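*Asks:* I would like the atomic coordinates for the input below:
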Amino acid sequence: MSAGLSYLCQRLVLEYIKPNKRIQISSQCLIISQLEKLLPFHLERLEFDNNLIKIDNIKYEIEEHEEELEEILTPGDIRIGPNPRRYISKYTEITYTNLNSGKSYAKRVPLVFHEVMKRLGCALFEGRKDIRVNILRIDIYDDKVLRLPVGFLVRPGDLITGFNSPQDFLAIIHSASFPLRRLKIWLNTPENLELPMLKTAEHVIINGIENENFPSLPFLHNRFVTFDLIWSPDEQVFGLIREWLNCKARSTVCLLKRFDRDETENLLNAVKIEFGGEISEREDTDESMLTDSICISLPMTPTTVLILYGIEKEEDFYVRMEVLAK
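*Replies:* This next block holds a predicted model:
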């Protein structure tokens, strides 16, 4: 008769089982649960929204519903009048969806919404000491509450915060996460530019840029800064480029996100006309440069130029802007 797996082998096997399978196994065996929650919990993507949690390919969604019911008679009851009374009843439902297969399973829960959210957060994360996630996205809006177990901490590589300030979630980000590999924020307040987690991140992606923020942007020290300018008019982009030129910005690489390849090239041509730029032939451009893109050179100092050209990364299109030696 086989002696089974040793303790060390159990640890190794459990740690690298897919996270949602680990949760399922842990919920069915107390002994395994105690061991499993002590091990690092590796996630590719973790998302928190107002009414759902996504762990990799599984979505746990909680919704409140209403249904119209007919009043039920019990033994001894007498209905007065011909029409039965109808009333609206509310109930809470949790749905488990596999985003790869599209299959889902729904279950009614005899609790109110906030109680179910708390139970779900605890069921998924309570007792886990080392949660490591490649991409953490938190998008809680309308003054909702992120309901999690006491002591919840997560170590993300990338952090995406939607309309929320990253400062709102600092308490659940493990200190070992910093500096972040990538931080994506909405610039809903200029104070966000002063956040230590933004200043130290390798790559910052900024949405919601307003003209009054432009003077501060060239002084970001991050290695890469991306501005989402898909819906921005050319004049706004010109204002950003003008600040870069005026401030003699340093070696930060700036990516200006555009809608598609045509919009990227149209912007480059507009920049050439607006700033009197020269078309440059350079060998030190990014390897993801679009094959048919022009490269615009704008003078900055006697020894440096601002270079702009189109690139494609992960099926998105950008104008790459950086300061290079002449």
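
*Asks:* beta partners for the spatially closest residue to residue 154 that is not a sequence neighbour?
*Replies:* Excluding its sequence neighbours, the residue lying closest to residue 154 (C-beta to C-beta, 6 or more residues apart in numbering) is residue 131, at 4.6 Å. (Each C-beta comes from the backbone N, C-alpha and C, glycine too.) Here residue 131 sits in beta bridges with residue 41, residue 154, going by DSSP bridges.

*Asks:* next one, pLDDT for residue 131 please.
*Replies:* We have a pLDDT of 96 for residue 131.

*Asks:* that one: neighbouring residues, count only.
*Replies:* When neighbours are defined as other C-beta atoms under 10 Å, residue 131 has 21 of them.

*Asks:* which residues touch it?
*Replies:* 40, 41, 43, 46, 125, 152, 153, 154, 155 (C-beta atoms under 8 Å, 6 or more residues apart in numbering).

*Asks:* quick check: the farthest pair among those?
*Replies:* 40 and 152 (15.0 Å; C-beta to C-beta).

*Asks:* the two: who's more crowded?
*Replies:* Each of residue 40 and residue 152 has its neighbours counted (other C-beta under 10 Å); residue 152 has more, 17 against 12.

*Asks:* residue 124 is in contact with that one, correct?
*Replies:* No. In this structure residue 152 lies outside contact range of residue 124 using C-beta atoms under 8 Å: 9.8 Å.

*Asks:* still on that earlier bit, can I get the contacts of residue 131 in a markdown table with distance to residue 79 and pLDDT?
*Replies:* Below are these laid out as a markdown table (distance: C-beta to C-beta, whole Å; pLDDT from 0 to 100):
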| residue | distance to residue 79 | pLDDT |
| --- | --- | --- |
| 40 | 62 | 91 |
| 41 | 56 | 94 |
| 43 | 56 | 96 |
| 46 | 53 | 98 |
| 125 | 50 | 95 |
| 152 | 52 | 96 |
| 153 | 58 | 96 |
| 154 | 56 | 97 |
| 155 | 62 | 97 |
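
*Asks:* could I get those residues as a markdown table with distance to residue 73?
*Replies:* Shown next, in a markdown table, are the contacts of residue 131 (distance: C-beta to C-beta, whole Å):
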| residue | distance to residue 73 |
| --- | --- |
| 40 | 57 |
| 41 | 52 |
| 43 | 51 |
| 46 | 49 |
| 125 | 46 |
| 152 | 48 |
| 153 | 54 |
| 154 | 52 |
| 155 | 58 |
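
*Asks:* and those, which are buried?
*Replies:* Applying 16 or more other C-beta atoms under 10 Å to those, the neighbour count classes 41, 43, 46, 125, 152, 153, 154, 155 as buried.

*Asks:* surely residue 65 forms part of a helix?
*Replies:* No. Applying DSSP: H, G, I helix; E, B strand; the rest coil, one finds residue 65 to be strand, outside a helix.
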